[in-house]
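S.K.: Predicted structure and sequence below. I'll ask about it afterward.
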Amino acid sequence: MSRIGKQEIIIPNNIEVIINKNEILVKGKKGNLSYKISELIEIETKNNIIKLTKKKITQKAQAIHGLSRSIINNMIQGVSKGFEKKLIIEGVGYRSQIDGRNLILNMGYSHPVKIEPPEDINIKVENNINILVSGINKETVGQIAATIRSIRPPEPYKGKGIRYHNEIIKKKIGKAGK
């Protein structure tokens, strides 16, 4: 049973929601987002409240019901507040810098790694080791942060690499010496 899909979405006063058949457009102070809703889901709006219902009771409709509600809720949060992910670089000689809009990472490879973010994503670097990825689309922000982290994921012995701000690395005990 989808409990998330049954929850109502409250629209803040500064957000405008336009529904055209199977497409929903959300406009806010930070930008615009749109999403194509499945034919299995019906959407209703009353007094700044969005409610999603299933047209048919099938397993596919059940799965898409909660997903659609979560995506629409994330769109409303994104255009009003925005989303951000913070990454931390740990390790001697590892650093990052911004070149125009591009992120340049020196992570111990023989070449610097260059990441070009999409137009709606902003990347900031603080102290050469803190990276802040922000934007209005939660999926894109998370994907760019995961791409940056995948360049040098934290290793379990010393914890060197790129990790999320709130990520805890369980360190392993190294080989015992004689």
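M.R.: Thanks, I have it.
S.K.: what are the pairing partners of the longest strand seen in the chain, and which direction each?
M.R.: Taking DSSP state E as the assignment, the strand of the chain that covers the most residues is strand 83-90. Strand 83-90 has the following strand partners under DSSP bridges: strand 130-135 (antiparallel), strand 161-164 (antiparallel).
S.K.: contact partners of the shortest one?
M.R.: For strand 161-164, contacts defined as Cβ atoms under 8 Å, 6 or more residues apart in numbering pick out 85-91, 94, 105, 107, 131, 145, 148-149, 151-155, 169. Where C-beta positions appear, they are placed from N, C-alpha and C, glycine not excepted.
S.K.: For that strand, give the mean pLDDT please.
M.R.: Average pLDDT, strand 161-164: 94.
S.K.: Now that strand: buried residues?
M.R.: For strand 161-164, burial by neighbour count (16 or more other Cβ atoms under 10 Å) applies to G161, I162, R163.
S.K.: Spatially nearest residue to K56 (excluding sequence neighbours)?
M.R.: If the residues on either side of it in the chain are set aside, K56 comes closest to L40, at 6.1 Å by Cβ to Cβ, 6 or more residues apart in numbering.
S.K.: My read is that that neighbour contacts A63, right?
M.R.: No: using Cβ atoms under 8 Å, L40 is not in contact with A63, being 9.3 Å away.
S.K.: which of those two has more neighbours?
M.R.: L40 (17 against 14; other Cβ atoms under 10 Å).
S.K.: tell me the domain boundaries of the protein?
M.R.: 3-80, 83-164 (automatic domain parsing).
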